[in-house]
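K.L.:
please find the sequence and the predicted model below.
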Number of protein chains: 2
Amino acid sequence: MNADTAPVERPLRADARRNRERVLAAADEAFALEGPAVPLDEIARRAGVGAGTVHRHFPTKESLLEAVLVGRLETMLAEVRAALTAPDSGYLFFDFFRTMTTYARNKMDLADALGRHGIDVISATRTVSTSLKAALAELLRRAQEVGEVRSDITVDDLHALVVAAVAAVQAVAPEEAPRVGALVSDALRPRGGR
Amino acid sequence: MNADTAPVERPLRADARRNRERVLAAADEAFALEGPAVPLDEIARRAGVGAGTVHRHFPTKESLLEAVLVGRLETMLAEVRAALTAPDSGYLFFDFFRTMTTYARNKMDLADALGRHGIDVISATRTVSTSLKAALAELLRRAQEVGEVRSDITVDDLHALVVAAVAAVQAVAPEEAPRVGALVSDALRPRGGR
DNA sequence: GACGATACGGGGCGCTCGCCCCGCTTGTCG
DNA sequence: CGACAAGCGGGGCGAGCGCCCCGTATCGTC
């Protein structure tokens, strides 16, 4: 096999790598706090770098959004995999659902900001979101096996319910949030069960 | 009582009134299709008026958003009141829930666009949203009375569930939408029922 | 320690969009 | 029907923001 099919990309210089991480971290935080409309200058300021540096690592604002989104999906994936290795993971399904809701909140506005700019979110995050879906499918299967979850629920349904729970929780007073979140997740339980 | 406490505002000239309606209709449509970020010029173009005209009737973009939002809430209110006068309105609750979901979709992005601009949505829409809430409370009470809905659900919960259903429906393929919407609304039903 | 390559900073350009202004048109009323 | 007020159109200004550029600083290597 020859090397020129995969043009060896040289590793980043140490400071470049460090700055890239800083920008990513600052962007993650800024997007979470202020939403996807936050100016790039603000992100640069938080990261303690110049605007040019942000632009060098992420040629467009969308590419930065995309990178942050992929990072969040990877965090979620790690979480799901951790849940899968736990004993009795089927029984812990609803605890896990609550955790997912927290992560998903951050994810969503990024995803639709990208969508609005004509970026195909599905293909941009294909690798990680495929793995995530597979891991979720396994978790769901186990929960259904032990009768915790209705048997006619698909992974897509699960995803939709997480999204629904996020929306519902944001729509009520904070002290009602846990009850309402649970209310939504109850839609997953077999009817007549509890 | 004297008149100068309420300085009689002269009625709008006929063409002004017509243009105001056109702008409002164009804005409603444009916001629904393109989201709240649509430029005012685009709205003016759709309405067939100049940009200055839009600005005269609605001094800021937020005031236009607000006017459209109030209009949508009024439509929803009319819908709820219609449902209340129907015979057996308790039993039709879940049909009605589906209708609400459709209206709410349009409402939500406007509301949080206003929120992002520091507008207090609650007080801006106080009159109509108070009436809406009261009407919904009555509808909910009847549905609970005939056992269609869990007795521990509040109006705020109902609102949250509508929001949740909207989010869920948007998160799945169109052909799955009815099933997923129903899944969410099932959270309102007494457990062990149906 | 010196030299070439790589990365940084931040000023600046161009575009978009909300808002204003002013010369002209149209409706209203005696 | 005529005069005056009310309303209209659209060009233009200023602010905000994404993106680019280039002189300077820093890193990696021999």
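P.N.:
Arrived safely, thanks for sending. Quantities reported herein were computed from a predicted structural model and do not represent experimental measurements. Numbers count the residues shown, from 1 in each chain, chains lettered A, B, ... in the order given.
K.L.:
where does the residue nearest the centre of chain A land on pLDDT?
P.N.:
With distances taken as CA atoms, centre = their mean, the residue of chain A nearest its centroid is A:Leu73 (3.4 Å). You'll see A:Leu73 listed with a pLDDT of 94.
K.L.:
again with A:Ala3
P.N.:
Note on A:Ala3: pLDDT of 40.
K.L.:
could you do A:Ala113 as well?
P.N.:
A:Ala113 is given a pLDDT of 88.
K.L.:
distance of A:Gln170 from A:Glu176?
P.N.:
Going from A:Gln170 to A:Glu176 by CB to CB, to the nearest Å gives 11 Å. C-betas here are computed from N, CA, C, even on glycine.
K.L.:
an error on my part: the question was meant for A:Ile119.
P.N.:
35 Å.
K.L.:
equivalent analysis for A:Lys107, please.
P.N.:
23 Å.
K.L.:
what parts of chain A come near DNA strand C?
P.N.:
Contact residues, chain A versus DNA strand C (CB under 7 Å from any atom of the strand): A:10, A:12-13, A:15-16, A:19-20, A:48-53, A:55-57.
K.L.:
got any ranges where chain A has weak pLDDT?
P.N.:
Scanning chain A for pLDDT under 70 picks out A:1-9, A:192-194.
K.L.:
which positions in it make contact with DNA strand D?
P.N.:
Residues of chain A lying close to DNA strand D (CB under 7 Å from any atom of the strand) are A:13-15, A:37-41, A:51-52, A:55-56, A:59-62.
K.L.:
in chain A, which spans are helices?
P.N.:
With DSSP state H as the criterion, chain A has helices at A:14-34, A:40-47, A:51-57, A:61-85, A:93-116, A:121-124, A:126-145, A:155-170, A:177-185.
K.L.:
for the third one, buried residues please.
P.N.:
Along helix A:51-57, the positions that meet the burial threshold by neighbour count (16 or more other CB atoms under 10 Å in any protein chain shown) are A:Thr53, A:Val54, A:His55, A:His57.
K.L.:
in chain A, what residue lies closest to DNA strand C?
P.N.:
Nearest residue of chain A to DNA strand C (CB to the nearest atom of the strand) works out as A:Gly52 at 1.7 Å.
K.L.:
now do stretch A:82-100: distance to the chain's middle.
P.N.:
17 Å (CA atoms, centre = their mean, to the nearest Å).
K.L.:
and which of the residues of chain A next to DNA strand D is nearest to B:Thr99?
P.N.:
Nearest to B:Thr99 out of the residues of chain A next to DNA strand D is A:Ala37 (CB to CB; 32.5 Å).
K.L.:
residues contacting the closest one?
P.N.:
By CB atoms under 8 Å, 6 or more residues apart in numbering or on different chains, the contact set of A:Ala37 is A:Ala113, B:Arg116.
K.L.:
give me the nearest residue to A:Leu64, chain neighbours excluded.
P.N.:
Excluding the flanking residues, the one nearest A:Leu64 by CB to CB, 6 or more residues apart in numbering or on different chains is A:Phe58, at 3.9 Å.
K.L.:
domain ranges for chain A?
P.N.:
A:9-59, A:61-186 (automatic domain parsing).
K.L.:
what's the most buried one of these?
P.N.:
Highest mean neighbour count among the domains of chain A (mean count of other CB atoms under 10 Å in any protein chain shown): domain A:61-186, with a mean of 18.
K.L.:
and the end-to-end length of that domain?
P.N.:
Taking CA to CA, to the nearest Å, domain A:61-186 runs 39 Å from one end to the other.
K.L.:
phi, psi of A:Asp152?
P.N.:
phi -90, psi 10 (degrees, to the nearest 10).
K.L.:
who in chain A is up against chain B?
P.N.:
A:35, A:37, A:116, A:156-157, A:159-161, A:163-173, A:176, A:180, A:183-184, A:186-187, A:191-194 (CB under 8 Å from any CB of the partner chain).
K.L.:
and if we set it to 7 Å?
P.N.:
Counting by CB under 7 Å from any CB of the partner chain, chain A comes close to chain B at A:116, A:156-157, A:159-161, A:163-165, A:167-168, A:171-172, A:176, A:180, A:183-184, A:186-187, A:192, A:194.
K.L.:
pull the CA atoms of stretch A:69-83 into CSV?
P.N.:
Output of stretch A:69-83 as CSV, limited to C-alpha atoms (Å, rounded to 0.1, in the frame of the first residue of the first chain):
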residue,chain,number,x,y,z
LEU,A,69,-21.9,19.3,18.4
VAL,A,70,-19.7,16.2,17.6
GLY,A,71,-18.0,16.6,20.9
ARG,A,72,-21.3,16.6,22.8
LEU,A,73,-22.5,13.6,20.9
GLU,A,74,-19.3,11.8,21.9
THR,A,75,-19.9,12.6,25.5
MET,A,76,-23.4,11.2,25.2
LEU,A,77,-22.0,8.1,23.5
ALA,A,78,-19.6,7.6,26.4
GLU,A,79,-22.4,7.9,28.8
VAL,A,80,-24.5,5.3,27.0
ARG,A,81,-21.7,2.9,26.8
ALA,A,82,-21.0,3.3,30.5
ALA,A,83,-24.6,2.5,31.2
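K.L.:
dump the residue contacts of A:Glu145.
P.N.:
Neighbour list for A:Glu145: A:Gly90 [criterion: CB atoms under 7 Å, 6 or more residues apart in numbering or on different chains].
K.L.:
relative to A:Leu33, how far out is it?
P.N.:
Separation of A:Glu145 from A:Leu33 (CB to CB) stands at 40 Å.
K.L.:
and if you look at A:Ala187?
P.N.:
Between A:Ala187 and A:Leu33 the computed distance is 31 Å (CB to CB).
K.L.:
then A:Asp95?
P.N.:
As judged by CB to CB, A:Asp95 and A:Leu33 stand 27 Å apart.
K.L.:
hmm, who's touching stretch A:100-108?
P.N.:
Residues outside stretch A:100-108 that contact it (CB under 7 Å, 6+ apart): A:32, A:69, A:72-73, A:75-76, A:79, A:162-163, A:165-166, A:169, A:181.
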